[in-house]
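Novice: Show me how the following folds:
(2 chains)
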Number of protein chains: 2
Amino acid sequence: MQNFLFYNPVKVLFGKGQIANLGQEIPPAARILMTSGGGSIKRNGVYDQVMAALSGRAVVEFGGIEPNPLYETLMRAVEVVRAEGIDFLLAVGGGSVLDGTKFIAAAALFEGEPWDIVKGAHLSAAMPFGCVLTLPATGSEMNQFAVISRRGTREKLAFGSGLVYPKFSVLDPETTFSLPPRQVANGIVDAFVHVMEQYMTFPSDAPLQDRMAEAILITLIQEGPKTLAEPCAYEPRANLMWCATMALNGVIAAGVPQDWATHMIGHEITAFTGLDHAQTLALVLPAVLHVQREGKRQKLVQYAERVWGIREGSDDDRIAAAIERTRTFFNRLGVPARLSDYGVARETVAAIPARFEARGTVLGERGDLTPSRVARVLDLSA
Amino acid sequence: MQNFLFYNPVKVLFGKGQIANLGQEIPPAARILMTSGGGSIKRNGVYDQVMAALSGRAVVEFGGIEPNPLYETLMRAVEVVRAEGIDFLLAVGGGSVLDGTKFIAAAALFEGEPWDIVKGAHLSAAMPFGCVLTLPATGSEMNQFAVISRRGTREKLAFGSGLVYPKFSVLDPETTFSLPPRQVANGIVDAFVHVMEQYMTFPSDAPLQDRMAEAILITLIQEGPKTLAEPCAYEPRANLMWCATMALNGVIAAGVPQDWATHMIGHEITAFTGLDHAQTLALVLPAVLHVQREGKRQKLVQYAERVWGIREGSDDDRIAAAIERTRTFFNRLGVPARLSDYGVARETVAAIPARFEARGTVLGERGDLTPSRVARVLDLSA
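Specialist: So this is what the prediction gives:
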């Protein structure tokens, strides 16, 4: 096991009716900016529940944070924070609203050009914020990471800081019943791939972390199709929601190597094509597993057996079968795993390997996913 | 899944050499009381490492906190806190030192009779404290619970408060290499039974929590004997240490019913006999599983299959086999699972059921482990 630091101070309020308790989590005198996305919270009742919980409080609203939240949009929110004397943020929405709110929290107190935050600039302060999550997917509700895009430069970059943990996150599975199937399926894929980025590397004498990662994968495989089939059944949706949170809150990352190449390549594909984040993961992951199968061999065999129950054939057979099962799982959820399924030509993403090369980005748990291998991944994703 | 609140702000520094980093976790101007146990830290080098990390700091020492830490001892430490103007506590030792330090942290700022803390009095403040753990067992290093004994009244009672989370815990597996085998074996049993208290109840549509609990149990079964056989092998000891922490930090408790009858009965047996905490758990758990097997039926069958690989025979056969495997596992670790193995007569613990009755204690996840059933548990433990 590798040395590690584990720290996660997010308070999670999970379950039916928990939005009613959020007022207790925000300082009484706070001036609150409520951030949100495209308006679904006004149609599904979440907005009314939040406003009831904040009755009598000073609340300013900032809606319109888009999927793959844009720097340009978020900087308008920062202006509102300053103009209105805001001192607490409340994100109401999915991972994009929450990631955007993390950026607002950091940018509002940042000296200098805020885009530098996603380029690795040191943060010395951030505003406090909480969250009402309405889409189980990114895990942002219980971690210190955010991914921000910039229209002007077609960039999509991540940052992380111990200063941008939410103070609290309210997770009520009932708020997600009205989600479109595409977003639910995307969430299942996103959570699944988050686990794979931390699990599918090389053995590091961490059997508990392995089994806990497998626990999330198996639960997603079992509960995912159930919750797509019955969107308003509480238990499968609750299980998906908790899986998505546990997939990226640090528990399964403790003491193990990590990959994240699928995400890095996926972010670039979104930047070039506008595909949903999870769609890019569904097409990149199987290809990465294939291209990197020698370095990941032992874990791929373990994954085949423990997650998919594949115990027959040679190791190579099992690995091939496990990759195929993974791709089929995504397809059956309704998330196709080929660029061509989305009408995207291979050439549209041709610039990606050179972009990594220019940035000097190192990919893969061993740093061995070279630009030419990235090109091979893109070939296989086509 | 049940509604839940998850909150655990403990910073864990895990791995070789982490003691050297503890100075950064304690405010520079703090006056520190370093609490410890019977003196093993002076023989195994941990004391020297801690002192080196605190070089130049104001440190007062309070040693001699005993296993099953005594109120009488801890109140002497509270006097030292007041006399020396201490404002930070550092527990260096196992669960008893840490539990005792939690009580000191609370009692030092408590108005009134501090024994009331373990009787459920409301806490409004506690001193900040950290921990260097030297014995993987209780999970106290990453939770808000403590168990305190009182010589005068032969009582052993637990308390919990969000105010007594350690600010940080340093877990270096190498500090545990010199532990006597009995303490290591006790730690394995303790962690195992902590998981069982949260897992072995009734199904609550929480498949991820179930699988994560099973992950800890399986890892303890695999790594426990290895680390007893090779005390100085880093990896098995590291895995035991992380299992013991994960067993009682709230992760597997989220959204599920809990039992804790084995602990409640075990605490009473220790109060009457002085047996080690884990010894009492080893003898009570198999008896509780047998007496409560109807209410726990579905989970016992699941436990038999997933943890012990028992897939043959009727449900009753599997349940009996799983209970027997559990008892045998404890025995093979060197922790006998009968009162008679310790030379304790059944009559010595005869007063326990009446004690629960007098206190009105409700036992079991359904509250159905009545005093007469407790007597049956004690019969089966004899």
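Novice: can you give me the strands in the stretch 251-382 of chain A?
Specialist: Here the stretch 251-382 of chain A has no strands by DSSP state E, counting those that start in this stretch.
Novice: near chain B, which residues of it?
Specialist: Residues of the stretch 251-382 of chain A lying close to chain B by C-beta under 8 Å from any C-beta of the partner chain are A:251, A:254, A:255. Where C-beta positions appear, they are placed from N, C-alpha and C, glycine not excepted.
Novice: what sits against the first one?
Specialist: Applying C-beta atoms under 8 Å, 6 or more residues apart in numbering or on different chains, we find residue A:251 in contact with A:6, A:212, B:246, B:251.
Novice: Excluding residues flanking it in the chain, which one is nearest residue A:126?
Specialist: With sequence-adjacent residues excluded and distances taken as C-beta to C-beta, 6 or more residues apart in numbering or on different chains, residue A:126 is closest to residue A:163, at 4.0 Å.
Novice: In chain A, what residue spans correspond to helices?
Specialist: Using DSSP state H, the helices assigned to chain A run over residues A:40-43, A:46-53, A:71-84, A:95-107, A:181-199, A:207-229, A:234-246, A:261-273, A:277-291, A:297-308, A:315-333, A:352-359, A:371-381.
Novice: which other helices and strands contact the shortest one?
Specialist: Pointing back at helix A:40-43 there. strand A:88-93 (3 or more C-beta pairs under 8 Å, 6 or more residues apart in numbering or on different chains; DSSP states H and E).
Novice: Provide the angle between the direction of the strand it packs on and the direction of helix A:71-84.
Specialist: 140 degrees (axes from the mean of the first three to the mean of the last three C-alpha atoms, to 10 degrees).
Novice: Show me what strand A:88-93 is packed against.
Specialist: strand A:31-35, helix A:40-43, helix A:46-53, helix A:95-107, strand A:129-133.
Novice: Parallel or antiparallel, list what pairs with it.
Specialist: With DSSP bridges as the criterion, the sheet partners recorded for strand A:88-93 are strand A:31-35 (parallel), strand A:129-133 (parallel).
Novice: what sits up against that strand?
Specialist: Counting by C-beta under 8 Å, 6+ apart, A:22, A:26-27, A:30-37, A:40-41, A:46-47, A:50, A:54, A:59, A:65, A:81, A:97-98, A:100-101, A:104-105, A:127-135, A:166 sit against strand A:88-93.
Novice: can we see that at 7 Å?
Specialist: Strand A:88-93 has contacts (C-beta atoms under 7 Å, 6 or more residues apart in numbering or on different chains) with A:26-27, A:30, A:32-37, A:41, A:46, A:50, A:97-98, A:101, A:104-105, A:127-132, A:134.
Novice: before we move on, what about stretch A:170-179?
Specialist: A:12-19, A:22, A:44, A:46, A:131-136, A:141, A:231-232, A:234, A:237-238, A:241, A:245.
Novice: just to revisit the earlier point, rank the helices and strands packed on strand A:88-93 by mean pLDDT and give me the bottom one.
Specialist: Lowest mean pLDDT within the helices and strands packed on strand A:88-93: helix A:40-43, a mean of 92.
Novice: Dump the C-alpha coordinates for that helix into PDB.
Specialist: What follows is helix A:40-43, C-alpha atoms only, in PDB (Å, rounded to 0.1, in the frame of the first residue of the first chain):
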ATOM      1  CA  SER A  40     -35.100  22.000 -14.300                       C
ATOM      2  CA  ILE A  41     -35.200  22.700 -10.600                       C
ATOM      3  CA  LYS A  42     -38.200  25.000 -11.100                       C
ATOM      4  CA  ARG A  43     -40.100  22.300 -12.900                       C
END
